[in-house]
Every structure is written in C-alpha cells, then in structure tokens.
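>>> Have a look; sequence and predicted model below, questions after that.
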Amino acid sequence: MKKIVAIVGSLALASGIAFAGEGHEKEKTAFNDLDQNQDGVITQSEASADEELVAQFTTADANQDGYLTPSEFDALEGEMEEAE
Ligand SMILES: [Ca+2]
Ligand SMILES: [Ca+2]
C-alpha cells in the first residue's frame, strides 16, 4: 500500500509540471516557467515556448523594450482572461 502511495505521489509531482498552467498558481508558475534564466523578465526567445504569448508579445510589452516584466505579463494574463 505504501508503495502505491509513493508511486501516485511521484506521478502527481511529474504531472504537476504538465498541469502548471492550471490552478491558483497559474500566473506565477507560468512566468517562472517561461523565464528560463530566472532574470526576472521574459525575452522574445523565452516567450517562444508559448505560442499564445508569442502572438501577444508585442502587445504585452507595454514599454516596447523587448522584455516582459511580471507586471506586463500579469496585465496580459488579465486581458486573456477577460477575453474568455
Ligand atoms: Ca529571462
Ligand atoms: Ca517591457
């Protein structure tokens, strides 16, 4: 029984990565996932991991400096949610 719990537990951890786009931690998780070098901004090449973000990148980059800050990213996420 303990073994099953351990297996289920590790599956949950593994699938947690796949489902990182869902749930309460959505925005933070998405930003940190996309910010591959953890410098606090998302570059266009980092954004290329997310097709939707690539399409929105120029719009989301409010000050047009070529980077998305967490607040620019949050604003974009807000707009996407309103659109749904
Ligand atoms: Ca980065
Ligand atoms: Ca910017």
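Nice, I can see it. Numbering: from 1, shown residues only. Ligands and ions are numbered 1, 2, ... in the order given.

>>> drop to CA atoms for contacts and neighbour counts, all remaining ones
OK.

>>> So, low pLDDT: which residues of this protein?
Within the chain, the stretches with pLDDT under 70 are 4-5, 7-9, 11-28.

>>> what's the residue nearest the centre of it sitting at in phi/psi?
In the chain, the residue lying closest to the centroid (C-alpha atoms, centre = their mean) is A30, at 1.4 Å. Backbone geometry at A30, expressed as degrees, to the nearest 10, gives phi -60, psi -40.

>>> same thing with V41?
phi -140, psi 150.

>>> Skip the chain neighbours and tell me the closest residue to Q36.
Among residues not flanking Q36 along the chain, E46 sits closest, at 6.6 Å (C-alpha to C-alpha, 6 or more residues apart in numbering).

>>> And the helix or strand hosting that neighbour, what's buried?
For E46, the enclosing helix or strand under DSSP states H and E is helix 44-47. Across helix 44-47, burial judged by 16 or more other C-alpha atoms under 10 Å covers 44, 46-47.

>>> outside of that helix, which residues touch it?
Contacts with helix 44-47, where a contact means C-alpha atoms under 8 Å, 6 or more residues apart in numbering, come from 34-36, 53-54, 57, 66-67.

>>> what's the distance between the residue nearest to Q36 and D33?
In this view, E46 and D33 are 9 Å apart by C-alpha to C-alpha, to the nearest Å.
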